[in-house]
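K.L.:
please find the sequence and the predicted model below.
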Amino acid sequence: MPTTVEPVTLPAPVIKPKEETRAARAPGYLVICWNDPVNLMPYVTHVFQTVFGWTRKKAEKHMLEVHNQGRSLLVRESFEEAHKHVEQLLGYSLQATLERDDS
């Protein structure tokens, strides 16, 4: 007696979207704040909250990095946004620089 073969249904392939690599994105710029002997820690925390809209906890984390390590990488932005942030920080008498992110 002949046997009948049932068709097999395979699951549809899962296609993952390409993940964008850092190199494929527009170049970014880093905003770095440096330690100085003038500004008090609560003031620096306040400035970070004001300029970036951060919570007190996040602002204090970056303030402590500045205090303990001498610097803190605050944000990675487009050139225009990073430049704006550096100008704001300088306006509050903090030492800040803009660096191109080549990584």
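P.N.:
Structure received. Residues are numbered from 1 along each chain as shown.
K.L.:
distance from the chain centre to stretch 58-78, please.
P.N.:
The chain centroid and the centroid of stretch 58-78 are separated by 11 Å under C-alpha atoms, centre = their mean, to the nearest Å.
K.L.:
name the surrounding residues that touch it.
P.N.:
Judged by C-beta atoms under 8 Å, 6 or more residues apart in numbering, the contacts made with stretch 58-78 from elsewhere in the structure are 26, 28-35, 41, 44-46, 48-49, 52, 54, 81-82, 85, 96, 101. Where you see a C-beta, it was placed from the backbone N, CA and C, and this is true even at glycine.
K.L.:
repeat that for 6 Å
P.N.:
Under the criterion C-beta atoms under 6 Å, 6 or more residues apart in numbering, residues 28-35, 41, 44-45, 48-49, 101 lie in contact with stretch 58-78.
K.L.:
quick one: end-to-end length of it, please.
P.N.:
Across stretch 58-78, the terminal residues are separated by 21 Å (C-alpha to C-alpha, to the nearest Å).
K.L.:
ok so, going back, now the contacts of stretch 58-78 in CSV, please, with extra columns for secondary structure.
P.N.:
Putting the contacts of stretch 58-78 into CSV (DSSP: H, G, I helix; E, B strand; the rest coil) gives the following:
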residue, secondary structure
28, strand
29, strand
30, strand
31, strand
32, strand
33, strand
34, strand
35, coil
41, helix
44, helix
45, helix
48, helix
49, helix
101, strand
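K.L.:
please pick the buried ones from those residues.
P.N.:
Buried members of the contacts of stretch 58-78, counted by 16 or more other C-beta atoms under 10 Å: 28-33, 35, 44-45, 48-49.
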